[in-house]
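Trainee: Predicted model and sequence follow; I will ask about them next.
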Amino acid sequence: MNFSNPLFIAVVVFAIYILISALRLFLGPTAPDRTVALDTINTLVVASMVALGAAMWEVLFIDIAIVYAILSFVTTLFIAKYLEGVEAS
Amino acid sequence: MFWIYQILHLLVLLSLIVTALAVVRFKDLISAAISLGASSLLLSLEFYLLRAPDVAIAEAAVGAALTTAIYIFAIKSTEREEGYK
Amino acid sequence: MNIVLIIISILLAISLVFNGLGTIGLHRFPDVYTRLHAATKCTTFGTIFLTFTVIVYSGTRYYWTGQSKFLMLALHTIVALIALLLTNPTGAHAIARAAHKMGYGPKQAVRDDLEGEDLKEKEEKEEEKEKKDKPVMMKKASKAEGAK
Amino acid sequence: MNWKMSRVVTTIADVLVAPIAIFGIYLILHGHLTPGGGFQGGAVVASSTALLIIAHGAFGEHKKDLSSLESTGLTLFILLALFGLGYTMFYNYLAGTGTLFGAEVPSGINPGYINTGGTVTLMNIAVGMEVIAALSLILWMMAKRSGSMDLETSRSEVEE
């Protein structure tokens, strides 16, 4: 592994963004806000997985990013469908 | 340049702690389920960083998609008592 | 300086800047809809540019070394890009629809175009209209055939 | 949870169901060469079932089919384990025999030969069948029960 690859440094910056989005998930006043934060975390994690797979030169690791993108979509749909039937107080 | 890798681990584990604290702290069930989904997704990223793609796929499939789905089906059949927050 | 390195740095910088803007917008905006707008759009755009970076990186590696591993890397990244393009806007649409159905209005907004409308009823009316339209067309066609 | 979602979501879900299921089957069948295996691939296929349920509602009666598939997978796994009982349990009696799954493993750097798994491939398939059926059955039953008292029945049930 070559740690001086620019993609590795990009992944570190992505990890900082993930931490900031996790703070919004902690603070967000309503449930849709938290869902938005979850969606942002998902996209950032997919991005960092693609960058890490390219930096490690492993083809199989990109497949995990594809699975992850599709499965996080299922999670988002489930939460959205539950929230559709709930009334805010 | 190995310290970059360690900083990466530190940041991911820190955000994992934040989401895990959110799971324990929230009184609203759906917010706790959302935080649990985020926590298990970040755990999958941590397994990926440790170069265990096998466990990462299992965690992403079971922890993120199926467990959240089952929790939401369970929450759906309860009654909501606490205020929305 | 290599020209490929310059291209990769520019694409990576665009990706990092847009992802950062999305994350900042998640904290700065007051409302669910504006937060969704900032977060989803900016992170999708940034991630698309990150996949472009990886494609250029692995493509040039393939050109230099000739190993088929790097070509596979580029192709799998294109599949990941397609998956991301399909899933991300749909998730944003579902969240916005759920928030509107829950009853959260936009803050500081001048007007809400969808206010007071029940989306479900509107869709059902549209579907009924479509169902009504189809037999009418069939009848017209049969009439025309009968005239012949 | 029995009503339909909007048309955008149902269209994209219809597009994405088949690729997810195919990717899960790929994970099951390549479990002895690449990361993955019976449990992981089965969970991915079951999440495609979750996508179908979320888009179109839980309709139909599939309890008998799914539990018979689960029983078939478990029985196949136990039978495969018992076939190697001459030596020990789970003995890999197909390895190195040159039959369909028992080709010999080449040494050195190689691109990865598919048919060298022995009984591991067959056991992965059995475990995959079991996990697909069990997780889909859990999801389908919970969707059916949690939505039965709700606002309105799904459109497909009305049509039936």
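Mentor: Ah, there it is.
Trainee: from here on, contacts and neighbour counts on C-alpha atoms
Mentor: Fine.
Trainee: count of residues packed around the residue of chain A found nearest chain D?
Mentor: Closest contact between chain A and chain D, by CA to the nearest CA, is at A:Val74 (6.1 Å). Using other CA atoms under 10 Å in any protein chain shown as the criterion, A:Val74 is surrounded by 27 other residues.
Trainee: I'd like the distance between it and A:Val67.
Mentor: Applying CA to CA, to the nearest Å, one obtains 11 Å for the distance of A:Val74 from A:Val67.
Trainee: Equivalent analysis for D:Leu135, please.
Mentor: The spacing between D:Leu135 and A:Val67, counted by CA to CA, is 18 Å.
Trainee: Same check on C:Ser15?
Mentor: Where A:Val67 is concerned, C:Ser15 sits at a distance of 22 Å (CA to CA).
Trainee: Once you drop chain neighbours, what's closest to the most centrally placed residue in chain C?
Mentor: Most central in chain C under CA atoms, centre = their mean is C:Pro89, positioned 2.8 Å from the mean C-alpha point. Counting by CA to CA, 6 or more residues apart in numbering or on different chains, C:Thr40 is the residue found nearest to C:Pro89 once chain neighbours are left out, at 7.6 Å.
Trainee: quick revisit: so between C:Ser15 and A:Val67, which is more surrounded?
Mentor: The residue with more neighbours, out of C:Ser15 and A:Val67, is C:Ser15; 26 against 21, by other CA under 10 Å.
Trainee: can you pull the buried residues of the helix or strand hosting the more buried one?
Mentor: Assignment of secondary structure by DSSP states H and E places C:Ser15 within helix C:3-28. Buried residues in helix C:3-28, counted by 16 or more other CA atoms under 10 Å in any protein chain shown: C:8, C:11-16, C:18-27.
Trainee: buried set for the very next helix or strand once past it?
Mentor: Scanning forward in sequence from helix C:3-28 by DSSP H and E, the next helix or strand is helix C:32-65. Of the residues in helix C:32-65, those buried under the neighbour-count criterion (16+ other CA under 10 Å) are C:32-33, C:35-62.
Trainee: swap in stretch D:113-126?
Mentor: Within stretch D:113-126, the residues that qualify as buried by neighbour count (16+ other CA under 10 Å) are D:Asn115, D:Thr116, D:Gly117, D:Gly118, D:Thr119, D:Val120, D:Thr121, D:Leu122, D:Met123, D:Asn124, D:Ile125, D:Ala126.
Trainee: So which of those is the closest to B:Ile17?
Mentor: The closest of these to B:Ile17 turns out to be D:Asn124 (CA to CA; 34.9 Å).
Trainee: so how far is chain A from the closest one?
Mentor: Shown here: D:Asn124 relative to chain A, a distance of 19 Å by CA to the nearest CA, to the nearest Å.
Trainee: Find the nearest non-adjacent residue to that residue, please.
Mentor: When the adjacent residues along the chain are set aside, D:Asn124 lies closest to D:Gly38, with 4.5 Å between them (CA to CA, 6+ apart).
Trainee: For the one you found, the count of nearby residues, please.
Mentor: Around D:Gly38 there are 28 other residues, counting by other CA under 10 Å.
Trainee: per-residue confidence for it?
Mentor: Per-residue confidence at D:Gly38 stands at 89 (pLDDT).
Trainee: Perfect, I'm done here.
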